[in-house]
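In: Pasting a predicted model and its sequence here:
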2 protein chains.
Amino acid sequence: MPDPTALPKYVQTAEMLIREIAAGRLQVGERLPPERAMAAELGLAVGTLRKALADLEARGLLERRQGSGNYIRSGAEDAGIYAFFRLELVGGGGLPQADVLGVERLVKPGDLPRFGASRMGHRIRRLRRLSGVPAALEEIWLDGSYAPVVRDADLSESLYLSYRKRFGLWITRAEDRVGLAPVPDWAGNPFPLAAGAMAGYVERLSRDGAGQTAEYSRTWFDHERVRYVARLK
Amino acid sequence: MPDPTALPKYVQTAEMLIREIAAGRLQVGERLPPERAMAAELGLAVGTLRKALADLEARGLLERRQGSGNYIRSGAEDAGIYAFFRLELVGGGGLPQADVLGVERLVKPGDLPRFGASRMGHRIRRLRRLSGVPAALEEIWLDGSYAPVVRDADLSESLYLSYRKRFGLWITRAEDRVGLAPVPDWAGNPFPLAAGAMAGYVERLSRDGAGQTAEYSRTWFDHERVRYVARLK
DNA sequence: AGGAATTTGTGCGTATGTATC
DNA sequence: AGATACATACGCACAAATTCC
């Protein structure tokens, strides 16, 4: 009897594979078993497994070569667990980390776009690092309706994982707009660009599983060291 | 008997739908027929049609709602034919256009990353507009092996369409890196930012159907008016 | 309010084509 | 040339979300 609260098998499978890669049980460059063998092993239909593999490919973790096999891409060890994180060092890669600078529940300011159902929002400010290097400042507004309070301790490195585990919120889609904007003036952090200096800028509007806008975030990144990466098609 | 040179049906179907939208035969906001009815109409299996629809969704042309239907998204009239174009006006949308500033066949300079098989490359410089507004400067290096010469007349508004029709080159994947960089000094064009000023910057490495790197391009965009857009998952 | 009908999502299994080894 | 492996395509059954009556 199927569990109605369970995720689709292809999502479960993709996440399982990501964990295997992150844990090092699947090594970079390694070829996966043939799809049919793997599907049989996992008790899945081939098509279901293929959907999971396509997901990993879109996230840049896997390279699929017809007639040859499926190969773990370099950089995959670090990247996978941070599903939607799209910043990397100019030289490539970097392990994403985050320091929480502050969390507050506030009335949403008027300059934010409309998102979520509540008048209130949780404002989370973080310093993002890549392999320890200060890479970006991040201000996240989570709609107030998903949790009465958000504490520092609720926020693990992977924010979307926290949302899921603590608040039952599933971020499934997001739209990013990338441009330039001046660095905000938040005192007391080691971000290398001065307040007011031009930096790379990402605005994101995220939606939950039901398609409702749930979160709005702004990220300022150090363009000397960091790039925003998108893989198309 | 199937034609081995033909594209997959799901690609043909996706392109057909894009043309229908661009031509206005499918209106923005309109709901498509149910998938099963549509598949029967087109002589396709439902799964094949669904793959085409998933493609349109990923490009931002279609919104799919379980239990409800498939709806043409606003902005889709313009966007679809320019498959990989990811710049839009800050206010949203804008019809992409291009003025060719120059085309030359040159030895690839040393500061470009390695791509393609040839020592030579075609350097194409264009001014991109959105609904007439000068939006970006673009320098494209197409590997020399795909064509002996490239003439101005070979380049229609949609470059990837030209590649396909003139040179038999299919761009199927690309990787974008977005950051900031100073505007290059190309005399005599109406790009609003001065040479040396900081602008949005997109580096792209594109691959052909066989997975070979085929093209490298750099785009400087006016961050006051333009954003780079990515839709995730 | 609530149940039936409609519509998309997930999952399975299979057959055949095409690229690679 | 043959074997292997991924890609495309088909068709079906049932689940979940939405809409309609």
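Out: Ah, there it is. Residues are numbered from 1 along each chain as shown, chains lettered A, B, ... in the order given.
In: what residues does chain A put near DNA strand D?
Out: Contact residues (C-beta under 7 Å from any atom of the strand) of chain A with DNA strand D: A:2, A:4, A:32, A:34-37, A:47, A:50, A:53, A:64-70, A:210-211. To be clear about C-beta, it is placed using only N, CA and C from the backbone, and glycine gets the same treatment.
In: Sort out for me which of those are in helices.
Out: A:35-37, A:47, A:50, A:53 (DSSP state H).
In: For those, pick the one with the most neighbours.
Out: A:Leu53 (21 neighbours; other C-beta atoms under 10 Å in any protein chain shown).
In: OK, contacts around the closest residue to A:Asp185 other than its chain neighbours?
Out: Nearest residue to A:Asp185, sequence neighbours excluded (C-beta to C-beta, 6 or more residues apart in numbering or on different chains): A:Ala195, at 3.8 Å. Shown in contact with A:Ala195 (C-beta atoms under 8 Å, 6 or more residues apart in numbering or on different chains): A:182-186.
In: now A:Ala195, what's its secondary structure?
Out: The assignment at A:Ala195 comes out as coil when based on DSSP: H, G, I helix; E, B strand; the rest coil.
In: Let me know the pLDDT of it.
Out: In this model, A:Ala195 is scored at 96, pLDDT.
In: repeat for A:Pro134
Out: 96.
In: Following element in sequence after the stretch of helix or strand it belongs to, please.
Out: Per DSSP states H and E, A:Pro134 falls inside strand A:133-143. The element immediately downstream of strand A:133-143 (helix or strand, assigned by DSSP H and E) is helix A:159-167.
In: what residues does chain A put near DNA strand C?
Out: Residues of chain A lying close to DNA strand C by C-beta under 7 Å from any atom of the strand are A:8-11, A:43-48, A:51, A:65-68.
In: Emit the PyMOL select command for whichever of those residues are buried.
Out: In PyMOL, a selection of the buried entries from the residues of chain A next to DNA strand C looks like this (16 or more other C-beta atoms under 10 Å in any protein chain shown):
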select buried, chain A and resi 9+10+44+48+51
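In: For chain B, tell me which of the residues of chain A next to DNA strand C show up nearby.
Out: A:Arg65 (C-beta under 8 Å from any C-beta of the partner chain).
In: Among the contacts of A:Ala195, which one sits closest to B:Leu17?
Out: A:Pro182 (41.6 Å; C-beta to C-beta).
In: Apart from its neighbours in sequence, what residue is nearest that closest one?
Out: A:Gly196 (5.1 Å).
In: Now the buried members of the contacts of A:Ala195.
Out: The buried subset of those (16+ other C-beta under 10 Å) comprises A:Val183.
In: Among the contacts of A:Ala195, which one lies nearest to A:Glu215?
Out: Distance to A:Glu215 across the contacts of A:Ala195 (C-beta to C-beta) is lowest for A:Pro184, with 18.3 Å.
In: State the paired neighbours of the helix or strand containing A:Thr172 in the sheet, together with their directions.
Out: A:Thr172 is part of strand A:171-182 when elements are defined by DSSP H and E. Sheet pairing of strand A:171-182 (DSSP bridges) gives strand A:198-208 (antiparallel), strand B:226-232 (antiparallel).
In: May I see those strands organised as TSV, with mean neighbour count added?
Out: As requested, the strands paired with strand A:171-182 are exported to TSV (neighbours: other C-beta atoms under 10 Å in any protein chain shown):
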stretch	mean neighbour count
strand A:198-208	21
strand B:226-232	20
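In: How is chain A partitioned into domains?
Out: Annotated domains of chain A cover A:9-78, A:87-228 [automatic domain parsing].
In: which two from the residues of chain A next to DNA strand C end up farthest apart in space?
Out: For those, the farthest-apart pair by C-beta to C-beta is A:Pro8 and A:Gly67; their separation is 28.6 Å.
In: Which pLDDT value belongs to A:Arg173?
Out: The model's pLDDT for A:Arg173 equals 78.
In: do you know how far the residue lying closest to it once chain neighbours are set aside is from DNA strand C?
Out: In space, and not counting its chain neighbours, A:Arg173 is closest to A:Arg207: 4.7 Å by C-beta to C-beta, 6+ apart. Separation of A:Arg207 from DNA strand C (C-beta to the nearest atom of the strand, to the nearest Å) stands at 14 Å.
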